[in-house]
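Chemist: Predicted model and sequence follow; I will ask about them next.
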Amino acid sequence: MHAVAKKLFPFLSWFPLSREQLRGDITAGITVALVLVPQSMAYAQLAGLPVVYGLYASFVPVIVASLWGSLSQLHTGPVAMLSLMSAAALIPFATPGSPDFIGLSIMLALMVGVLRLALGLFRLGVVVNFLSSPVIVGFTNAAALIIGLSLLSMVIGVPFPRSDFYLRDLWRVVVQLPETHWPTLLFALGTWLIIWGAARVSARLPGVLIAVAVATLLSWAIGFEQRLSLPLEHVKDPVARAWIEEYRQAKAREAELTGQLTKLNARIRSAAELAGDARAAVLAATEAEIRLLTHELQGLKARRDTLQIGLHARPLQRLNEAGGDRLVSPDEVAVPSTQEPAVWRFASVSGDQATFSAGGSVVGDIPRGLPRLAAPELRPDLILALFPAALVMALIGFMEATSISKAIAASTRQKVDTNQELIGQGLANIAGSFFGSYTVSGSFSRSAVAARSGARTGLFAIISVAGVVAVLLFLTPYLYHLPQATLAVIVMMAVFGLIRVKPLIQAWKVDSQAALIGIITFVATLLMAPSLADGILLGVVLTILSYLIRTMRPRADIVARKPDGTLGGLRAHGLSPMSRRFVPVRFDGSLTFINVAYFEDIILEAQAEYPDARAILVIGSGINEVDASGEERVRELALRLREAGVELVFSGLKQQVRRVFERAGLIELLGAGSFFADKERALQVLSERFGDPRGQSGSAERPLTSLGPVAAAQRS
């Protein structure tokens with residue numbers, strides 16, 4: 001009964017807590033909280049959300065994951081990888097930061113949670129084995145580059161366009177380097193110096209928190225943010241005003257198109273109730289309309305990005321006139337003001353009001369208070385479209401959490417239950433989605449901090465939540481002036497540390513084909529970004545195909561004696577045949593439907609290569625399995641060889657393979673004398689029966705040049 005209770009409620013194993021354990025958890029919880037608060041806000045922006053949603057994701061999910069997870073030192077919450085994947089998955093359907101985007105982010109968290117929970121309950125944690133190490137490394141390296149470089153615009157203070165081709169978007173940021181906002185860049189460099197310097201002084205110093213505090217105070221002191229909102233008619237630069245008006249109309253039309261697409265998708269669902277030709281006609285017409293509207297929506301988004309970049313590159317200057325502030329081209333100002341900022345740049349437009357900025361971007365207003373309980377809004381029209389991304393995020397997040405858990409468990413000697421971890425992570429995302437959280441997973445950096453700080457049980461994670469609660473209840477007004485460049489650098493320093501080249505180099509030495517798939521995954525992820533899921537799915541498909549090809553064509557070769565007396569591949573080692581009267585063939589693969597045809601080809605090619613042979617010996621110590629297709633093909637092959645006067649002989653068969661042969665009647669068909677316990681006994685008997693073991697069969701030996709085109713690639 002006690003074991004069942006611990007299975008249902010894993011946190012019961014924490015108790016009773018010793019004073020030493022409690023002290024370690026409190027210390028670790030406070031230390032992690034100092035990292036969690038700034039990280040969560042930074043990762044929320046990476047996910048295309050207001051920073052407060054990072055704090056929401058660091059509340060309920062952290063508590064639930066710690067209670068139902070399997071590793072005491074694992075800290076769950078917002079992470080860089082899933083934050084970017086969440087944004088990338090949702091950008092085609094909504095504008096980042098909009099209410100629709102926030103709602104979809106929460107729904108996606110629910111989907112990921114349900115998938116993880118299902119995998120855990122059905123004990124399917126092994127599916128992560130489809131992600132080979134080179135594929136994971138290639139994907140992680142590409143994702144880290146994408147995440148880090150996605151924040152370049154925040155570091156230099158320019159707009160970042162978002163389309164369906166990341167590299168093109170990145171290039172459009174690079175060409176804006178001449179428009180760099182130097183105070184923003186200085187804040188970014190200062191943040192990096194503080195975090196780097198704190199790490200050099202002491203690993204215990206909360207460099208991230210220090211950087212946030214210093215940057216926020218300095219931003220407030222110098223008035224880093226300078227905003228101006230005024231009616232659009234007060235923009236006296238005709239070009240700028242025309243572009244802003246077009247930008248406003250594009251945004252309004254985007255919202256209209258999004259609503260129309262939602263209705264059309266609902267029409268497709270309702271068409272399922274129709275019958276026959278009526279349903280086909282409705283579906284065809286609706287899908288055609290969806291294609292047209294989608295094309296128009298993509299064009300509008302591209303035009304809006306172009307307008308935003310153009311407006312940012314067109315500076316304006318403020319004039320104080322009797323009727324209020326006016327913005328004009330600097331060329332129209334006869335005497336530049338020494339009291340006004342040099343330039344004002346377009347920031348946003350809402351209705352007839354346009355907002356301009358003469359300073360840097362800050363976090364701004366953060367809603368005070370804890371998240372409220374509310375069921376996530378479900379969008380049936382998008383669930384199917386988001387399912388592939390949700391599945392990949394579920395697996396990637398689980399893989400990330402598992403690798404962290406195993407790394408920590410190696411030093412703590414704690415057992416990791418991967419299926420229980422899936423359950424904990426699934427419950428965390430499901431519960432979090434009811435409290436405004438987007439997708440979360442195990443964090444490597446915070447878990448490492450926890451382990452280093454002495455965390456003993458999952459209680460430390462619950463203690464870390466106290467810091468988030470304090471911020472949400474009391475400190476949000478003080479974070480208004482936090483520069484977004486500071487948050488960008490925090491993320492960049494975290495993700496660039498994930499880039500690893502050495503594992504791919506090592507993989508190339510061991511398995512060049514797997515390493516090549518890892519490199520292809522890296523390149524494909526970059527090219528397919530922001531659809532990161534497509535990159536890793538390609539890597540998984542290539543890995544499975546590679547495995548199937550290897551399984552279909554296992555190693556097979558004619559063998560002979562090497563000078564030291566052992567057996568080796570005849571061609572690979574330049575050996576002479578053992579005899580022309582019998583042919584020993586090594587086959588290192590199971591006899592199943594997927595490769596038994598290849599086995600048959602190998603044997604028939606050996607027969608064709610040695611027409612005088614009276615026996616073909618299959619050295620079968622590498623055969624682990626035989627299925628119905630394999631048994632049937634072996635039977636047919638044996639009968640075919642017998643008609644040609646050739647015996648099919650086996651040696652070293654494993655017990656499970658021999659039992660299958662016995663039940664199928666193959667041993668009775670071929671005769672007990674055709675099966676030997678080991679290859680040496682088989683070679684001795686065949687040599688005595690058929691001739692000189694050195695290969696002198698009474699005629700000149702001709703050199704072996706080939707086993708045939710099918711087997712040539714498989715020689716060892």
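Modeler: Thanks, I have it.

Chemist: what about residue 58, which SS state?
Modeler: On the three-state scheme (DSSP: H, G, I helix; E, B strand; the rest coil), residue 58 is labelled coil.

Chemist: now it: how far from residue 604?
Modeler: Distance, residue 58 to residue 604, using CB to CB, to the nearest Å: 65 Å. (Each C-beta comes from the backbone N, C-alpha and C, glycine too.)

Chemist: Looking at these two now, which is surrounded by more residues?
Modeler: Ranked by neighbour count (other CB atoms under 10 Å), residue 58 and residue 604 place residue 58 first, with 35 against 17.

Chemist: show me the contacts for that one.
Modeler: Counting by CB atoms under 8 Å, 6 or more residues apart in numbering, residue 58 makes contact with 36-37, 40, 77-78, 465, 468.

Chemist: If we use 10 Å, what do you get?
Modeler: Counting by CB atoms under 10 Å, 6 or more residues apart in numbering, residue 58 makes contact with 33, 36-37, 39-41, 43-44, 75-78, 432, 437, 440, 443, 446, 461, 464-465, 467-469, 471-472.

Chemist: what does residue 495 give?
Modeler: By CB under 10 Å, 6+ apart, the residues touching residue 495 are 46, 79-81, 83-84, 140, 143-151.

Chemist: So for the strand or helix carrying it, mean pLDDT?
Modeler: According to DSSP states H and E, residue 495 maps onto helix 484-496. Helix 484-496 shows a mean pLDDT of 88.

Chemist: what bridges to the nearest residue to residue 400 once chain neighbours are set aside?
Modeler: Counting by CB to CB, 6 or more residues apart in numbering, residue 400 lies nearest to residue 441, which is 5.6 Å off, once chain neighbours are set aside. Counting by DSSP bridges, residue 441 is bridged to residue 77.

Chemist: Name all residues that make contact with residue 441.
Modeler: 61, 65, 74, 76-79, 81-83, 112, 116, 393-394, 396-401, 404, 425, 428-429.

Chemist: One more: residue 51?
Modeler: The neighbours of residue 51, taking CB under 10 Å, 6+ apart as the test, are 38, 40-45, 363-364, 366, 476, 479, 482, 484, 487.

Chemist: Tell me how far it lies from residue 262.
Modeler: Distance, residue 51 to residue 262, using CB to CB: 28 Å.

Chemist: returning to that earlier point: return the members of the contacts of residue 58 classed as buried.
Modeler: 33, 36-37, 39-41, 43-44, 75-78, 432, 437, 440, 443, 446, 461, 464-465, 467-468, 471-472 (16 or more other CB atoms under 10 Å).

Chemist: Show me these that map onto strands.
Modeler: Counting by DSSP state E, the buried ones among the contacts of residue 58 place 75-77, 443 in strands.

Chemist: As CSV, those residues with distance to residue 555 and pLDDT would be great.
Modeler: Converted to CSV, these look like this (distance: CB to CB, whole Å; pLDDT from 0 to 100):
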residue, distance to residue 555, pLDDT
75, 45, 91
76, 44, 92
77, 47, 93
443, 43, 87
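
Chemist: Format those residues as CSV; extra columns: distance to residue 133.
Modeler: Formatted as CSV, those follow (distance: CB to CB, whole Å):
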residue, distance to residue 133
75, 24
76, 24
77, 26
443, 21
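
Chemist: Show me which residues of the helix holding residue 495 are buried.
Modeler: Neighbour-count burial for helix 484-496, with 16+ other CB under 10 Å as criterion, is recorded at 484-495.

Chemist: before we move on, the earlier item: and of the contacts of residue 51, the nearest to residue 257?
Modeler: residue 45 (26.0 Å; CB to CB).

Chemist: Could you pull up the residues touching the closest one?
Modeler: The contact partners of residue 45, by CB under 10 Å, 6+ apart, come to 51, 53-54, 83, 87, 96-97, 151, 154, 363, 484, 487-488, 491.

Chemist: Which one of those residues is nearest to residue 220?
Modeler: When those are compared for distance to residue 220 (CB to CB), residue 363 wins out at 11.7 Å.

Chemist: quick revisit: out of the contacts of residue 45, who's nearest residue 108?
Modeler: Looking across the contacts of residue 45 and measuring by CB to CB, the closest to residue 108 is residue 87, at 10.2 Å.

Chemist: tell me the SS of that closest one?
Modeler: Per three-state DSSP, residue 87 ends up helix.

Chemist: Please state the backbone phi and psi of residue 229?
Modeler: Backbone torsions of residue 229, given as degrees, to the nearest 10, read phi -120, psi 130.

Chemist: Tell me how many other residues surround it.
Modeler: 13.

Chemist: thinking it is in contact with residue 353, fair?
Modeler: Yes - the criterion here is CB atoms under 10 Å, and residue 229 meets it with residue 353 at 5.3 Å.

Chemist: Could you list the buried residues of whatever helix or strand residue 307 lives in?
Modeler: Using DSSP H and E, residue 307 sits in helix 276-312. Within helix 276-312, the residues scored as buried using 16+ other CB under 10 Å are 282, 286, 290, 293, 297, 300-301, 304-305, 307-309, 311-312.

Chemist: want to throw those residues into TSV with pLDDT and distance to residue 358?
Modeler: Shown next, in TSV, are the buried residues of helix 276-312 (pLDDT from 0 to 100; distance: CB to CB, whole Å):
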residue	pLDDT	distance to residue 358
282	83	54
286	88	48
290	89	43
293	90	38
297	88	33
300	89	29
301	86	27
304	89	23
305	89	22
307	92	20
308	91	17
309	92	18
311	91	14
312	91	12
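
Chemist: Which of the residues you listed sits closest to residue 235?
Modeler: Minimum distance to residue 235 across those is 10.2 Å, recorded for residue 311 (CB to CB).

Chemist: ok, and the closest residue to the closest one other than its chain neighbours, which helix or strand is that part of?
Modeler: Using CB to CB, 6+ apart and skipping residues adjacent in sequence, the residue nearest residue 311 is residue 346, 3.8 Å away. Assigned by DSSP H and E, residue 346 belongs to strand 345-350.

Chemist: Now do that strand: which elements does it pack against?
Modeler: Other helices and strands packing on strand 345-350, by 3 or more CB pairs under 10 Å, 6 or more residues apart in numbering; DSSP states H and E, are strand 227-231, helix 238-270, helix 276-312, strand 353-357.

Chemist: Ok, which of these comes nearest residue 554?
Modeler: Closest to residue 554 of those is helix 276-312 (CB to CB; 46.2 Å).

Chemist: Let me know whether residue 115 touches residue 398 as I believe.
Modeler: Yes - counting by CB under 10 Å, residue 398 is a contact partner of residue 115 at 9.4 Å.

Chemist: the more surrounded of these two?
Modeler: It is residue 398, of residue 115 and residue 398, that has more neighbours when counted by other CB under 10 Å, with 26 against 22.

Chemist: which ones are touching the more buried one?
Modeler: Counting by CB under 10 Å, 6+ apart, residue 398 makes contact with 112, 115-116, 119-120, 125, 127-128, 131, 418, 421-422, 425-426, 441-442.
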